[in-house]
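[1] need a structure here:
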Amino acid sequence: MRKGTPAQKKTAALPGDTRQAFRATGTSHLLAVSGLHVVLFSFVAFGGLRRLALLVTPLSRRTDVGRIAAAIALPTVVAYVVFAGAGASAVRAGVMAGAVLAGRAIGRPRAPVAALAMAAMAQLALEPACLFDPGWQLSYAAVVSLGTLAPAIERVMGRQADPLEPPRTDLVARIGRWARAAVATNVATCLATAPLVAHHFGLATPASLVANLAGVPVTSALLLPGSLLYSAAVLVGARVVARALAPALTGIVAALVHGLAAIASVPGAWLEVPAPGLLAAAAMTIAILSAPVLRRPWRGLAVAAALAALAPTFVAEAAPRFRRETRVTYLDVGQGDSALVELPGGHSVLVDAGGLPGSAVDVGALEVAPYLARRGVDDLDLVILSHPHPDHFGGLPAVLGAHRARRFWDSGQGEAESLDAEHASILSAARRAGAEILLPRMLCSRPVMIAGARFETLGPCPSHDSGWGPNDNSLVVRMTFGDVRFLFPGDVERAGEAWLESGGGYSADVVKVPHHGSRTSSGADFVAGTGAAVAVVSVGRHNRFGHPAPEVVERWRAAGTTVLRTDRDGAVVVETDGKSARVTPTRRATGPRGAR
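    Numbers count the residues shown, from 1 in each chain. Below is the predicted model:
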């Protein structure tokens with residue numbers, strides 16, 4: 001599972017409505033110390049030190065005080081970046097600002113392009129993988145847009161002035177120039193980052209044009225200086241100042257959140273869009289950034305190349321409607337379960353949605369929902385929740401917030417015994433959205449056909465057993481497409497497995513290993529009864545439970561089953577035409593291959 005950007009992690013810790021407001025308005029970056037904040041701090045530090053040096057008359061007469069101020073400001077900026085957490089955006093801006101300050105200190109002319117290149121090379125040298133980090137890509141696209149796209153937009157805005165308009169005062173002209181620069185900067189960064197936002201998150205956020213125009217000045221001019229002053233007051237023990245600042249900062253934050261929520265509630269403020277591939281997103285970004293500086297023939301070629309790169313996205317969007325095969329993807333959601341079944345004709349079924357109990361990371365928002373968007377999934381024909389444990393339902397709120405479910409299968413135990421308040425709220429939200437909630441008593445011995453695939457509920461039948469825990473009461477579902485069978489047993493343990501064994505008829509070609517490969521599951525009789533050719537363990541890397549147990553893996557292997565693990569193999573994709581199946585792990589294992 002991807003780690004997510006710092007802004008995403010901070011957003012995931014917020015309440016749902018607030019999180020959605022930041023996400024929908026494209027302002028999640030306001031939650032982290034962004035490059036803009038570092039640049040502002042550098043500017044204030046250098047300017048303040050320079051003014052102080054000018055007050056020392058003997059010093060100002062003998063030397064260039066700007067060089068002294070730059071030399072002193074440089075380590076201050078480094079300390080600020082480290083104090084702020086050294087995120088990708090902050091480091092990039094810190095290296096740039098450091099290069100500019102170093103050049104000023106040694107009397108060399110400023111070279112922003114060289115500073116940007118230095119920042120990129122430094123970060124890539126230290127961590128080459130950051131090239132694929134969404135925050136890194138968005139950060140550099142935004143910065144480059146300030147040098148290419150923003151000036152072009154500002155020139156266009158300047159030409160639109162009425163030549164018959166009476167001459168304005170210097171103050172009015174200055175305010176006008178500032179306003180044009182602010183609008184041009186905002187429009188440029190939003191346009192430049194739009195393809196990458198669509199690629200990584202499957203979103204288009206028109207509201208960001210308005211939200212950032214208001215949010216950036218508020219955070220930069222009020223919240224950032226206020227927070228720094230508050231921190232300084234706490235450090236030096238100025239309690240009166242800290243107590244005075246705290247309510248003011250809280251009020252500003254509350255006003256900002258309410259304002260963003262109001263913007264996000266406007267129809268069309270944000271849209272889910274087909275997620276273009278990385279090549280298409282990169283081509284579109286390069287075309288947008290380079291168009292203002294290219295001559296006309298080359299500009300047309302750049303736009304044409306970008307549109308050509310988008311072709312696979314349109315094909316992928318239309319492909320599900322014509323798909324004849326079935327594709328099952330066991331998603332890499334860490335220590336949890338989630339599988340997407342894509343059926344012919346664009347029909348889709350989701351089995352569980354992962355979740356990380358005790359973590360601020362929202363797996364549904366960071367992994368499952370974006371993957372559905374990339375696969376062109378709109379509505380879900382069916383959502384199957386195996387049992388009410390958060391590592392299976394934790395991602396559902398984000399998924400159901402973005403995709404309507406027509407039917408929802410549940411084991412019934414959670415609601416009947418009031419086991420979990422969040423699980424209950426998920427069912428309530430699904431009902432309000434018009435989903436049909438079906439329990440085992442309505443499903444046992446009543447197979448459901450969806451796009452040529454047969455879904456059978458094998459347990460718990462006829463209903464859940466109140467003497468068992470949620471694991472053994474997991475909804476066990478087998479899907480059959482042609483001659484190929486897939487078994488989704490949830491987290492059944494010995495009691496649930498013994499019940500299945502007593503009834504027989506649970507054999508399958510591909511099995512999701514019960515309970516993440518725990519020692520309490522995958523008994524010898526159960527493993528032999530499946531007769532599976534492939535078993536997939538959905539498990540988190542270096543998890544504290546020791547899953548999967550080595551003896552369980554060996555038990556499956558001894559039965560002639562190929563075992564794949566999401567912690568080593570990444571998401572596992574199984575494609576079938578109903579006669580044979582093709583299994584593709586998305587990541588080459590980096591550890592011992594004993595599980596294969």
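
[2] so where's the stretch 401-550 of the chain shaky on pLDDT?
    Scanning the stretch 401-550 of the chain for pLDDT under 70 picks out nothing.

[3] Tell me if residue 473 really is in a helix.
    No - under DSSP: H, G, I helix; E, B strand; the rest coil, residue 473 sits outside any helix and is assigned coil.

[4] In this structure it contacts residue 387, no?
    Yes - with contact defined as C-beta atoms under 8 Å, residue 473 counts as touching residue 387 (6.2 Å). In short, each C-beta sits where N, CA and C put it, glycine included.

[5] Report the set of residues contacting both of the two.
    411, 413 (C-beta atoms under 8 Å, 6 or more residues apart in numbering).

[6] Now residue 505: closest residue in space that isn't a chain neighbour?
    residue 458 (7.2 Å; C-beta to C-beta, 6 or more residues apart in numbering).

[7] what's the strand or helix carrying the one you found packed up against?
    Using DSSP states H and E, residue 458 sits in strand 453-459. If contacts are counted by 3 or more C-beta pairs under 8 Å, 6 or more residues apart in numbering; DSSP states H and E, strand 453-459 sits against helix 440-443, strand 448-450, strand 476-481, helix 494-503.

[8] what about 10 Å?
    strand 338-343, strand 347-353, strand 382-385, helix 440-443, strand 448-450, strand 476-481, strand 484-488, helix 494-503 (3 or more C-beta pairs under 10 Å, 6 or more residues apart in numbering; DSSP states H and E).

[9] Tell me the buried residues in the longest helix anywhere in the chain?
    Criterion DSSP state H: the longest helix present in the chain is helix 170-201. In terms of neighbour count (16 or more other C-beta atoms under 10 Å), helix 170-201 has its buried residues at 180, 183-201.

[10] again with stretch 498-508
    So for stretch 498-508, counting by 16+ other C-beta under 10 Å, buried means 499-500, 506, 508.

[11] What distance do you get for residue 389 to residue 335?
    11 Å (C-beta to C-beta, to the nearest Å).

[12] Please enumerate the shared neighbours of these two.
    355, 357 (C-beta atoms under 10 Å, 6 or more residues apart in numbering).

[13] host element of residue 507?
    Short version: residue 507 belongs to no helix or strand, going by DSSP H and E.

[14] residues in contact with the spatially closest residue to it that is not a sequence neighbour?
    Leaving aside its chain neighbours, residue 507 sits nearest to residue 531 (4.8 Å; criterion: C-beta to C-beta, 6+ apart). Contacts for residue 531 (C-beta under 10 Å, 6+ apart) come out as 485, 506-509, 511, 559-561.

[15] Of those, which pair is most distant in space?
    506 and 560 (17.5 Å; C-beta to C-beta).

[16] Report the distance from stretch 427-440 to the chain centre.
    26 Å (C-alpha atoms, centre = their mean, to the nearest Å).

[17] mind listing what's buried in it?
    Under 16+ other C-beta under 10 Å, the buried positions of stretch 427-440 are 427, 430, 435, 437-440.

[18] what separates residue 535 from residue 553, distance-wise?
    9 Å.

[19] and these two? which has more neighbours close in?
    Neighbour totals were compared for residue 535 and residue 553, and residue 535 leads with 29 against 22 (other C-beta atoms under 10 Å).

[20] So that one: helix, strand or coil?
    strand.

[21] what ranges do the strands span in the stretch 201-350 of the chain?
    203-204, 271-272, 326-330, 338-343, 347-353 (DSSP state E, counting those that start in this stretch).

[22] what angle do the longest one and strand 476-481 make?
    Regarding strand 347-353 and strand 476-481, their directions subtend 150 degrees when assessed with axes from the mean of the first three to the mean of the last three C-alpha atoms, to 10 degrees.

[23] what's the closest non-adjacent residue to residue 53?
    Residue 53 sits nearest to residue 65 (C-beta to C-beta, 6+ apart), 3.7 Å away.

[24] any idea how far residue 99 is from residue 138?
    Taking C-beta to C-beta, one finds residue 99 at 21 Å from residue 138.

[25] do residue 231 as well
    The gap separating residue 231 from residue 138 is 27 Å, by C-beta to C-beta.

[26] More neighbours: the two, which one.
    Legend: neighbour count by other C-beta under 10 Å for residue 231 and residue 138, higher for residue 138 (22 against 13).

[27] shouldn't the more buried one be in contact with residue 193?
    Yes - Residue 138 is in contact with residue 193 according to C-beta atoms under 10 Å; the separation is 5.0 Å.

[28] Which positions in stretch 529-548 come out as buried?
    529-530, 532-540, 547-548.

[29] what two of these are the furthest from one another?
    529 and 540 (27.3 Å).

[30] so what's in contact with residue 535 and residue 553 at the same time?
    513, 517, 522, 561, 563, 565, 595.

[31] State the helix or strand in which the fifth one lies.
    The reference is to residue 563. Going by DSSP H and E, residue 563 is part of strand 562-565.

[32] Output the contacting helices and strands for the following helix or strand past that strand.
    Once the chain leaves strand 562-565, the next helix or strand it forms, by DSSP H and E, is helix 566-569. Contacts defined by 3+ C-beta pairs under 10 Å, 6+ apart place helix 566-569 against strand 534-537, strand 581-585.

[33] So which of those strands is nearest residue 303?
    Closest among the helices and strands packed on helix 566-569, using C-beta to C-beta: strand 581-585, at 34.8 Å.

[34] Any figure for the gap between residue 180 and residue 209?
    15 Å.

[35] go on, residue 93?
    As defined by C-beta to C-beta, residue 93 lies at a distance of 22 Å from residue 209.

[36] residues near residue 122, how many?
    17.

[37] before we move on, what SS does the residue nearest the centre of the chain have?
    Using C-alpha atoms, centre = their mean, the residue of the chain that lies closest to the mean C-alpha position is residue 366, 3.5 Å off. With three-state DSSP as the basis, residue 366 sits in helix.

[38] show me what contacts residue 332?
    Contacts for residue 332 were tallied using C-beta under 10 Å, 6+ apart; they are 1-2, 338, 354, 367, 371, 538-541, 565-572, 585-587.
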